[in-house]
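1. sequence plus predicted model, see below.
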Amino acid sequence: MAGWVLSEVSSSRILGRVICHRDLLPLISLIALICYVVVKSIYRVYFHPLAKYPGPFWAKVTSLYDFYQALSEHRAHNFLALHKKYGPIVRYAPDKLVFNEPQAWQDIYAYKANVRKSDLFTASQSNPESTDTFSELYKEPALKKRKVLSYGFSESSLRSFEAYMLDQINIFCRQLVSPETEKVKDMSLWFNYLSYDIMGELVFGRGFGMLTDPSLRYILDLIDSTVFSYLLGGIIPWLHKSGIITLLMPRIYFMRKKFVAESTKRIVERIKLGPDAVGVSGRKDFFHYLLNGKDENGNPLSHARLGAEGVLLILAGSDTSSASMAGTLFYLMQQVRCQEMLFEELDGTFDNVDEIRLGDKLTSCVYLRACVGEALRMASAGPGVSERTVLKGGTIINNEYFPEGTTVGAGGWATSYNAKYIRDPEKYWPERHIPSEEVTAEEVQIAHSAYWPFGLGARKCVGMKVALNELHLTIARVIYLFEVIPERPEEFQKNFEILDHQSE
Ligand code: HEM
């Protein structure tokens, strides 16, 4: 009996303690969380395998530093500033390093590099049922996917694309001086209209109609938001995967959804037309090649896959080209001498504007290619860092060993503005690409080792030839037809800015 009483007493005491602990639970959890954060921060700053690499304090502690830079739209500018402050290797997130040396480009991106794309790319998967080429993390499956895309980039398809491009470039040039359009043009926007209309034609055989119909230009905002969501969601993948970012930034995710829905509608319409459909004068679009192609297992491409690749092509091929065209025109307006020299070259090569087409004559325009190439160096459309994660066995970068799991990248701008390899990197100087008495062939070669606007290695841009054709044709025709002058010259004292864009 006495034993029973005792045990009742002790059990009620124990119960009492449990209730008391429950009251304290939030406090205890908070203290535990603070301890966890403090211990983890101390570990990351002082004991982490990357602790010896310099970088801002908060970047070592949390990825929120990088997230904030992206949110401020100046992530790529920041990489440049970080290298100026900390040197050739900078820790910009707890487990991430960025380099600004040409050797690092080779070590990180060359075909045999022991890396995969980082988890940042998972945020750009537009269709959960099918991963597109760009978002495929590992090299082997990505190469198989690229093979499917390559049908659309063959020499014969590039030839059929020229007619699409010229149609749109002609409309663009007419609109530039049409009395029905505004007198002074925001050329960044107009290049946007042009490049999306070109990509619409190339991919679906039907442009977006932005050049001629202002009511259709709303799609630009959708695309801006989609790309921005890829970046933000990729920097902190768990924010993206858990859906928290959708709650934090409902607008950009709503716009992204709308863009995917609109593109899917077009893709479905195009698929309905079937593999044999051709456009004006028997022209073939990208979907003609994709619908006639086979996937990596020898089967026709699934609709999910066609949808994912269609969305990818529009995104990968339009913003990039329009930013590069706008950059080239910016510098040609800033450096009137270069614009005049380019005009002289074109005027000496072509008898009229319709002669400006792909072929030997255009290829012979060395100065044109240098003007575009120099703009791609100074205002690359991929100015940030394309991240890679080191695979099992580690890898050597710039003669240093990095273990599995480290995320690394070479900065686009950070390298192409590196004064160690580029003379006067802040100066737009197309001549640096042409060997002459002033510039040795070796200097040209060194400069070219420091900038890779289309990337390099197994994952370099598959659309490079399409993009260069578009850039050369457009810039040549615009400069041949018009003298382009700035409305507000004071704005041209600064450099051309490419931002990680968040649409208004
Ligand atoms: C001036 C215009 C362009 C620039 C500067 C550019 C730049 C790039 C860069 C730097 C990459 C590599 C990204 C990485 O390494 O992670 C890339 C990949 C890619 N680009 Fe482009 N691009 C341009 C135009 C185009 C066009 C016109 C198309 C399509 C018609 C295109 C399709 C792609 C695709 C599909 C990939 C993914 C390749 C892969 O992951 O294996 N790009 N681009």
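-> Arrived safely.
2. so what's the closest residue to the ligand within the chain up against?
-> For the chain and the ligand, the shortest gap (CB to the nearest ligand atom) falls at Gly463, measuring 2.1 Å. C-beta: built from backbone N, CA, C; applies to glycine. Contacts here follow CB atoms under 8 Å, 6 or more residues apart in numbering; on that basis Gly463 touches 153, 313, 316-317.
3. and it, what pLDDT?
-> The score at Gly463 is 93. That number is its pLDDT.
4. same check, this time on Arg377
-> In this prediction, Arg377 carries a pLDDT score of 96.
5. which of the helices or strands spans the residue nearest the centre of the chain?
-> Most central residue of the chain, judged by C-alpha distance to the mean C-alpha position with CA atoms, centre = their mean, is Gly382 at 4.7 Å. Element membership of Gly382, judged by DSSP states H and E, is empty: it is in no helix or strand.
6. isn't it up against Thr320?
-> Yes - assessed by CB atoms under 8 Å, Gly382 is found in contact with Thr320 at 7.1 Å.
7. ok, back up a step: just checking: which of the contacts of Gly463 also lie near the ligand?
-> Restricting the contacts of Gly463 to those near the ligand by CB under 6 Å from any ligand atom leaves 313, 316-317.
8. need these in CSV with neighbour count and secondary structure, can you?
-> Supplementary listing: the ones next to the ligand among the contacts of Gly463 in CSV, determined by neighbours: other CB atoms under 10 Å; DSSP: H, G, I helix; E, B strand; the rest coil:
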residue, neighbour count, secondary structure
Leu313, 26, helix
Ala316, 21, helix
Gly317, 23, helix
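9. ok, now which ones touch Asp351?
-> Contacts here follow CB under 8 Å, 6+ apart; on that basis Asp351 touches nothing.
10. next, it: secondary structure please.
-> Applying DSSP: H, G, I helix; E, B strand; the rest coil to Asp351 yields a three-state assignment of coil.
11. per-residue pLDDT, it?
-> Predicted confidence (pLDDT) at Asp351: the value is 97.
12. list phi and psi for it.
-> Main-chain dihedrals, Asp351, degrees, to the nearest 10: phi -90, psi -30.
13. with Lys294 instead?
-> phi -120, psi 150.
14. ok, Tyr53 touching Ile89?
-> Yes - in this structure, Tyr53 sits in contact with Ile89. The criterion is CB under 8 Å, and the distance is 5.5 Å.
15. who touches both of those two?
-> Here Tyr53 and Ile89 share the contacting residues Leu97, scored by CB under 8 Å, 6+ apart.
16. what residues does the stretch 51-200 of the chain have near the ligand?
-> For the stretch 51-200 of the chain, the residues in contact with the ligand (CB under 6 Å from any ligand atom) are 133-134, 142, 146.
17. can you name the two of the residues you listed that are farthest apart?
-> When CB to CB is used, the two most widely separated members of those are Phe134 and Arg146, lying 9.8 Å apart.
18. so which of these two has more stuff around it?
-> Taking neighbours as other CB atoms under 10 Å, Phe134 and Arg146 compare with Phe134 leading, 25 against 18.
19. which helix or strand in the chain has the lowest average pLDDT?
-> The least trusted helix or strand in the chain, going by mean pLDDT, DSSP states H and E, turns out to be helix 2-42, with a mean of 68.
20. and the next helix or strand past it?
-> From helix 2-42, the next helix or strand downstream (DSSP H and E) is helix 57-61.
21. show me which residues of the helix or strand following that next one are buried.
-> Along the chain past helix 57-61, the next helix or strand (assigned with DSSP H and E) turns out to be helix 64-71. Buried residues in helix 64-71, counted by 16 or more other CB atoms under 10 Å: 65-71.
22. where along the stretch 251-400 of the chain do the strands fall?
-> If you assign secondary structure with DSSP state E, counting those that start in this stretch, the strands in the stretch 251-400 of the chain sit at 388-390, 395-397, 400-402.
23. can you say which of those strands is nearest to Cys173?
-> Distances from Cys173 to each of the strands of the stretch 251-400 of the chain were compared using CB to CB; the shortest belongs to strand 388-390, at 40.6 Å.
24. adjacent strands (with direction) for the closest one?
-> Within its sheet, strand 388-390 is paired with strand 115-117 (antiparallel), strand 407-410 (antiparallel), according to DSSP bridges.
25. just send the ones you listed back as CSV, with mean neighbour count and mean pLDDT too.
-> Conversion of those to CSV gives the following (neighbours: other CB atoms under 10 Å; pLDDT from 0 to 100):
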stretch, mean neighbour count, mean pLDDT
strand 115-117, 23, 97
strand 407-410, 25, 96
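26. relative to Glu162, which of those strands is closest?
-> Comparing the strands paired with strand 388-390 by their distance to Glu162 (CB to CB), the top pick is strand 115-117, with 31.6 Å.
27. beyond the closest one, next helix or strand please.
-> helix 139-150.
28. could you point out which element follows that following helix?
-> Remark: after helix 139-150, the chain's next helix or strand is helix 155-177, criterion DSSP H and E.
29. packing partners for that following helix?
-> Helices and strands touching helix 155-177, by 3 or more CB pairs under 8 Å, 6 or more residues apart in numbering; DSSP states H and E, are helix 187-204, helix 464-481.
30. from memory Leu332 sits against Leu342, does it?
-> Yes - proximity of Leu332 to Leu342 meets the contact threshold set by CB under 8 Å, at 6.7 Å.
31. so what sits against both of these two?
-> The overlap between the contact sets of Leu332 and Leu342 (CB under 8 Å, 6+ apart) consists of 371, 475, 479.
32. ok, Ser156 - how many residues close by?
-> Neighbour count of Ser156, defined by other CB under 10 Å: 10.
33. ignore the last one, Ser130
-> Using other CB under 10 Å, Ser130 is surrounded by 19 other residues.
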